[in-house]
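> Pasting the sequence and the predicted model now:
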Amino acid sequence: MQVSETLSEGLKREYKVVVPSADMEAKVTDRLTEIGKEAQMPGFRPGKVPMKILRRTYGRQLLGEVLEQAVNEATTETLEKNELKPAMQPKIEVVSFDEGKDLEYTIEVEVMPKFEPMDFSTLTLERKVAEIGDEELDERVNSLAQQFKEFTEADEGQAANDGDTVMIDFEGSVDGELFEGGAAEGHSLELGSNSFIPGFEEKLVGVKKGDETVVKVTFPEEYQAEHLAGKKAEFKVNVQEVKVPLPVTVDDALAEKLGLENLAALKDAVREQSEKEYADLSRAKLKRVLLDALAENHDFEVPPSLVEGEFEQIWNQVVEDLKRQDKTVEDMEKPEEESRAEFREIAVRRVRLGLLLSEVGQRNNLTVNQDEVNRAMAEQAQRFAGQEQQIFEFYQSNPEMRAQLEAPIMEDKVVDFIVEMAQVSESKVSIEELLADPDGDEAEGGLSGGAGEAEADGAAEDVAADTENK
């Protein structure tokens, strides 16, 4: 085999490969020998068909198989000999090949960059932490209590106010036509809960038991049911009952209603949950700071094909988000060309950081174990009650989707590994400061989150919907 490099430019490599006709003939002969062991033809015992007849019978149809085998073997040998790690599947183009002739083809490949990660012990990071104060704890407990408040029937003739509950029958129509899902009987609605179309609840403030009224509203432009989005609607409403909330008492009885021993146990549970939320948020902020520091300290060339793939995912998501708002790229604040350039820079950053974290993980033998994958699958399955088994089976039988679950787990392991080596100081801040996002969207998302996770989530939803339809 003869291999000559025809291009070495950045991360792009091109090679011309020639496999001698004698080597190709040897492969054909080997394959014919295998076939001959089981070939059955009239006049010959099994396994005794002459090579000449085997060649005449099977020779031409084996060329494609032998060609594929030869190309795969020669390409693998070329990449290994030149110590190349492809970023994407190499592009192969056969220049010439026929029976009894040399095989000549070209390889075009983008390779992974070679780089040296920085000394992570030189990183100086700040972890912002927030603690839940007594006042905020009380607010959270009171808010929780409001979710379990009880109602009693209002006095005769008493008008409904925000916070009251009305039991109603309603029937909705658009352009005089009833629409599916627009009617119900005995529906309990808490006024001010914002659980109905904007404007609906406000127009029921002041109604009394026995009232019949017509509520006119307009569906939001981004309403999930596209045939109703932006449409004006009328609802005929019959008020069956008005109920007012009873005073909420935060005491041991409330705690017992929630399955806890007493009020102190309830407060401890709320505090623990809040501290977990704050810890998760603190970690996400630290991760963002770390990724920014890593991006600032590493500047190596990245494969254009990986950047293009990442950019396409980002841009497609942008376009989809605009569609949900009934907008197009022309409605963006900046010209499309400028926006594309900015998102492409984000793609470059993500790819570079992704390659860096992958390299760190490989060098330090970091892996994702089966228990961690199982937990991730369980989290997905919990979203679809009654279909957990189908979701598990889906991920178990789809390696690509399993990889979508493993990626963010691996990313977090590498981040934790780097943080352990870095110099990390801790500063206490208010919850408002912890919640503040200094510069918007791109920030704390993981590198493997974004499209990958969305794809995994969407796939799980497809499986659940398919199961439900059956």
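Happy to help now that I have it.
> Please parse this structure into its domains.
Here the domain parsing of the chain from automatic domain parsing is 2-110, 149-245, 262-469.
> Take those domains and lay them out in TSV including distance to residue 140 and mean neighbour count.
Bear in mind the C-beta positions are built from the backbone N, C-alpha and C, glycine included. Listed next are these as TSV, based on distance: least, CB to CB, whole Å; neighbours: other CB atoms under 10 Å:
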stretch	distance to residue 140	mean neighbour count
domain 2-110	49	14
domain 149-245	15	15
domain 262-469	5	15
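> Now render these as a markdown table, adding mean pLDDT and distance to residue 141.
Shown next, in a markdown table, are the domains of the chain (pLDDT from 0 to 100; distance: least, CB to CB, whole Å):
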| stretch | mean pLDDT | distance to residue 141 |
| --- | --- | --- |
| domain 2-110 | 89 | 53 |
| domain 149-245 | 92 | 13 |
| domain 262-469 | 85 | 5 |
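> Need the ones you listed in CSV (columns: distance to residue 255).
Formatted as CSV, the domains of the chain follow (distance: least, CB to CB, whole Å):
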stretch, distance to residue 255
domain 2-110, 57
domain 149-245, 15
domain 262-469, 4
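> Can you check which of those gets nearest to residue 121?
domain 262-469 (5.2 Å; CB to CB).
> residue ranges of the strands in the stretch 351-470 of the chain, please?
Using DSSP state E, counting those that start in this stretch, the strands of the stretch 351-470 of the chain run over 423-428.
> Next, the angle from the longest helix anywhere in the chain to strand 423-428.
Criterion DSSP state H: the longest helix present in the chain is helix 263-297. Relative orientation of helix 263-297 and strand 423-428, computed by axes from the mean of the first three to the mean of the last three CA atoms, to 10 degrees: 140 degrees.
> Other residues contacting whatever helix or strand comes next after helix 263-297?
Per DSSP states H and E, helix 263-297 leads on to helix 304-324 as the next helix or strand towards the C-terminus. Residues outside helix 304-324 that contact it (CB atoms under 8 Å, 6 or more residues apart in numbering): 11, 87-88, 110, 222, 328-329, 331-332, 339-340, 343-344, 346-348, 350-351, 450-451, 454.
> Looking at these, which are in strands?
Using DSSP state E, the subset of the contacts of helix 304-324 located in strands is residue 110.
> Might one say that residue 105 is in contact with residue 24?
No. Between residue 105 and residue 24 there is no contact, the gap being 11.9 Å when judged by CB atoms under 8 Å.
> got any residues that touch both of those two?
With CB under 8 Å, 6+ apart as the test, residue 105 and residue 24 both reach residue 97.
> The strand or helix carrying residue 59 - contacts with which helices or strands?
Element membership for residue 59, per DSSP H and E: helix 51-81. For helix 51-81, the packing partners by 3 or more CB pairs under 8 Å, 6 or more residues apart in numbering; DSSP states H and E come out as strand 2-9, strand 12-19, helix 21-36, strand 91-96, strand 103-110.
> Can you add distance to residue 128 and give the ones you listed back as CSV?
Formatted as CSV, those follow (distance: least, CB to CB, whole Å):
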stretch, distance to residue 128
strand 2-9, 45
strand 12-19, 43
helix 21-36, 64
strand 91-96, 47
strand 103-110, 40
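> Determine the set of other helices and strands touching the longest helix of the chain.
Right, helix 263-297 is packed against strand 124-129, helix 134-146, helix 252-257, helix 336-363, helix 399-421, helix 431-435 by 3+ CB pairs under 8 Å, 6+ apart.
> Relative to residue 209, which of the ones you listed is closest?
So among the helices and strands packed on helix 263-297, helix 134-146 is nearest, using CB to CB, at 24.0 Å.
> Figure out how far the helix or strand following that closest one is from the centre of its chain.
Toward the C-terminus, helix 134-146 is succeeded by strand 151-153 as the next helix or strand (DSSP H and E). Average the C-alpha atoms of strand 151-153, do the same for its chain, and the two points are 44 Å apart (CA atoms, centre = their mean, to the nearest Å).
> One more: stretch 408-417?
16 Å.
> repeat for stretch 46-55
56 Å.
> Ok, stretch 77-86 next?
Its chain's C-alpha centre and that of stretch 77-86 lie 32 Å apart, by CA atoms, centre = their mean.
> what's the answer for stretch 153-172, then?
Counting by CA atoms, centre = their mean, stretch 153-172 is centred 43 Å from the centre of its parent chain.
> how about that stretch as CSV, C-alpha atoms only?
Only the C-alpha atoms of stretch 153-172 are listed here, as CSV (Å, rounded to 0.1, in the frame of the first residue of the first chain):
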residue,chain,number,x,y,z
GLU,A,153,-69.1,28.7,51.3
ALA,A,154,-69.6,32.5,51.1
ASP,A,155,-72.5,34.3,52.7
GLU,A,156,-75.6,34.5,50.6
GLY,A,157,-75.2,37.3,48.0
GLN,A,158,-71.5,37.8,48.7
ALA,A,159,-69.4,38.8,45.7
ALA,A,160,-66.3,36.9,44.7
ASN,A,161,-62.9,38.6,45.3
ASP,A,162,-59.3,37.7,44.4
GLY,A,163,-58.3,34.7,46.4
ASP,A,164,-61.9,33.3,46.5
THR,A,165,-62.8,30.1,44.7
VAL,A,166,-65.8,30.0,42.3
MET,A,167,-67.4,26.8,41.1
ILE,A,168,-68.5,27.3,37.5
ASP,A,169,-70.0,25.7,34.4
PHE,A,170,-68.6,27.3,31.3
GLU,A,171,-68.8,26.9,27.5
GLY,A,172,-66.4,28.7,25.2
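> can you start the count at 39 instead of 1 from here on
Yes, from this point I'll number from 39; that puts the last item at stretch 191-210.
> and of the domains of the chain, who's closest to residue 165?
domain 300-507 (4.8 Å).
> can you put the helices and strands packed on helix 301-335 in CSV and add distance to residue 137?
What follows is the helices and strands packed on helix 301-335, written out as CSV (distance: least, CB to CB, whole Å):
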stretch, distance to residue 137
strand 162-167, 65
helix 172-184, 79
helix 290-295, 84
helix 374-401, 44
helix 437-459, 38
helix 469-473, 71
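> Of these, give the one that comes closest to residue 56.
Nearest to residue 56, of all the helices and strands packed on helix 301-335, is helix 374-401, at 33.2 Å by CB to CB.
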